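Chemist: pasting the structure only:
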């Protein structure tokens, strides 16, 4: 973004409209998922799962030459497969989904078995996924630049195809949250009461697992792990001190996410910062008043 000093805001909005739209859309919807994770006392999943998804995509780069030679990828050669084609995007999304759902299943299975703390299990999973990301990146003969940008949180490369994918997945997820938010909250917060009331707890838990895996997979592919960390964890923390009801908690989390996205986009352009990291930093700043209020109330 070094050459944008003389570019007007109208031109910036036109040049990077898909990246900005993706950031705003993400700011509105990802905090909703983060709120459900927070209610379930699994907020740290919002840190571990994006790292699993990132490891999956980097693993996809590592095996890409073998995949093209052995299986093929829509008739693309290695050079074309590393570009922004539909086939390449679907390929990386599949790897992100495989690792995300695999990591989520592992964490849920370990949680059901008990033993040790949830925080410890998630911390270990994050460390393993981070190490795998570095190792896969080291042995990958292609895609190093993409991996570096992905980890740095640079969204400006998001185009219309990535935005369409994000919009479909996040739109359907937001619809599911709107239709079933009461049942999802009850099943997440008080599973026993939900069972007594005759709620289909397993179905709602399965829905939440599916939505979580889909949102994290798509977000890690198009937005990067740093932005997902920030939007899944920080807006729910910021909203918790001010919310008077569970519905208000969801709405405030989304509002804080959108505010962080707007401020982060401005900071990214004005200060020449990676957009994903800038949005996460703004989300952290917005969480400070709530943290201070919570300490005083305690």
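Modeler: Received it, and whenever you're ready, just let me know what you need. Just so it is clear, the structure is predicted and the values come from calculations on it, not from any experiment. Numbers count the residues shown, from 1 in each chain.
Chemist: Quick check: residue 35 touching residue 251?
Modeler: No: taking C-beta atoms under 8 Å as the definition, residue 35 is not a contact partner of residue 251, at 9.6 Å. Where C-beta positions appear, they are placed from N, C-alpha and C, glycine not excepted.
Chemist: Those two - which one has more neighbours?
Modeler: residue 35 (30 against 16; other C-beta atoms under 10 Å).
Chemist: could you pull out the helices for the stretch 151-298 of the chain?
Modeler: 160-189, 191-196, 201-222, 225-240, 246-271, 275-297 (DSSP state H, counting those that start in this stretch).
Chemist: Can you name the next helix or strand after the helix or strand harbouring residue 36?
Modeler: Using DSSP states H and E, residue 36 sits within helix 17-39. Once the chain leaves helix 17-39, the next helix or strand it forms, by DSSP H and E, is helix 45-70.
Chemist: Next, the angle from the helix holding residue 36 to helix 275-297.
Modeler: 30 degrees (axes from the mean of the first three to the mean of the last three C-alpha atoms, to 10 degrees).
Chemist: tell me the mean pLDDT for helix 17-39?
Modeler: What helix 17-39 shows for mean pLDDT is 93.
Chemist: swap in stretch 69-82?
Modeler: Stretch 69-82 shows a mean pLDDT of 76.
Chemist: the bottom helix or strand of this protein by mean pLDDT?
Modeler: The helix or strand of the chain with the poorest confidence is helix 144-152; it has a mean of 67 (mean pLDDT, DSSP states H and E).
Chemist: re the thing from before, deepest of the helices of the stretch 151-298 of the chain, which one?
Modeler: Among the helices of the stretch 151-298 of the chain, helix 225-240 has the highest mean neighbour count (mean count of other C-beta atoms under 10 Å), at a mean of 27.
Chemist: before we move on, the earlier item: the helix holding residue 36: how far from the chain's middle?
Modeler: Computed by C-alpha atoms, centre = their mean, to the nearest Å, the chain-centroid distance of helix 17-39 equals 8 Å.
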